[in-house]
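**Q** I would like to see how this sequence folds:
(one chain, ligands or ions: 2)
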Amino acid sequence: MLSRLTRHFLTGAELSADDLHALLDRALELKGAPDASRALEGRHVALLFEKPSTRTRVSFEAGVVELGGHPLILRADELQLSRDESPRDTALVLSRHVHAVGVRTGDDAIVEELAAHASIPVFNMLTAGHHPCQALADLLTLRETFGRLEGLRLAYVGDGNNVARSLAVLGAIAGVDVVVAAPDGYQLEPEAGATLTDDPVAAVQGANAVYADVWVSMGDEATAEERRAALAPYRLDDALLDRAAPDAIALHCLPAHPGEEITAEVLYGPRQRIWDQAENRRHAQKALLEWLVG
Ligand code: CP
Ligand code: NVA
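**A** Ligands and ions are numbered 1, 2, ... in the order given. Model prediction:
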């Protein structure tokens, strides 16, 4: 009974449009008053990392503390998961000690298995398939830049990966028109909710935001060279940004490789909101934690 009532956040599709808009409203409130909420007083949040992280780790750890809670950073190689203890048994044990668990791992099935057996909220801190916490911060950045979400157009150029998929899923819920420009073999599935094209110039036409992510995601290193060759026409540079709407902003989830998927001129230039976007991870995730646990 308890687990059926438990909220999870694995892909972002768990949020209704009303939930999502309320969560982003709350995130903006918390950005204006970072110490206003003690929603996690006396609560523990496990943050399990099987892959490297800078932003996700730091923003969740700082955010949990700002909410009065206690973050437990768990590296997979320190857990019995790395010695074949199952996600099911890990979920059963974590549920007896902490109030929520975030997971960064390669395989979406691991997060799904944890959620299926946990009686506490499970949230996805990046899998090969999804990065919904990133998309929350991205929508928050659009919202604070343009004052609205409904009817905005966001063009994602590059690899149709986890970040692109989460933008498609959460953008569709928020009323943002997400267009993904990717070459053959690197495109998202149509069911994700975005408009798909292989033409970056067509994608950015009329776009309020142009978004780039790495061409070689964690786990894709074996195919790095062929990826760089296929994705080279999809670099986010000033010339591409000039084809978007006059007030268009540049976004990137980071880490960036200046000169590869984005030029240094865009990454550090006047039209980027990338560093605000990185800060917004913490504010959006605090609102998410309130929704999940508070
Ligand atoms: N954008 C993002 O998730 O960054 P990290 O991999 O550093 O957490
Ligand atoms: N697509 C990238 C995002 C990193 C935050 C990856 O999965 O490595």
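**Q** would Val180 count as being in a helix?
**A** No: counting by DSSP: H, G, I helix; E, B strand; the rest coil, Val180 is not found in a helix; it is strand.
**Q** For it, give the beta-bridge partners.
**A** Tyr156, Leu196 (DSSP bridges).
**Q** Which pLDDT does the model give it?
**A** If you check Val180, the pLDDT there is 98.
**Q** wait, doesn't it sit right on Tyr186?
**A** No: using Cβ atoms under 8 Å, Val180 is not in contact with Tyr186, being 9.7 Å away. For the C-beta atoms, the positions are set from N, CA and C on the backbone; glycine is no exception.
**Q** okay, those two: which has more neighbours?
**A** More crowded of Val180 and Tyr186, by other Cβ atoms under 10 Å: Val180, with 28 against 18.
**Q** and the next element down the chain from the lowest-mean-pLDDT helix or strand in the chain?
**A** Lowest on mean pLDDT, DSSP states H and E among the helices and strands of the chain sits helix 2-5, with a mean of 52. Counting by DSSP states H and E, the element after helix 2-5 in chain order, helix or strand, is helix 17-32.
**Q** And for Ile249, the neighbour number?
**A** For Ile249, the count of nearby residues is 24 (other Cβ under 10 Å).
**Q** dump the residue contacts of the residue nearest to it when sequence neighbours are not counted.
**A** Nearest non-adjacent residue to Ile249, counting by Cβ to Cβ, 6 or more residues apart in numbering: Arg273, 4.7 Å away. The contact partners of Arg273, taken as Cβ atoms under 8 Å, 6 or more residues apart in numbering, are Thr141, Thr145, Ile249, Ala250, Leu251.
**Q** again, only using 10 Å
**A** Asp138, Thr141, Leu142, Glu144, Thr145, Ala209, Ile249, Ala250, Leu251, His252, Asn280 (Cβ atoms under 10 Å, 6 or more residues apart in numbering).
**Q** on that earlier part again, now for Val180 and Tyr186: what residues contact both?
**A** By Cβ under 10 Å, 6+ apart, the residues touching both Val180 and Tyr186 are Gly158, Asp159, Gly160, Asn161, Ala164, Asp198.
**Q** I'd like the distance from the residue nearest to the third one when sequence neighbours are not counted to Gly32, if you could.
**A** Here the nearest residue to Gly160 in space, its sequence neighbours aside, is Leu188; by Cβ to Cβ, 6+ apart that works out to 3.8 Å. As defined by Cβ to Cβ, to the nearest Å, Leu188 lies at a distance of 35 Å from Gly32.
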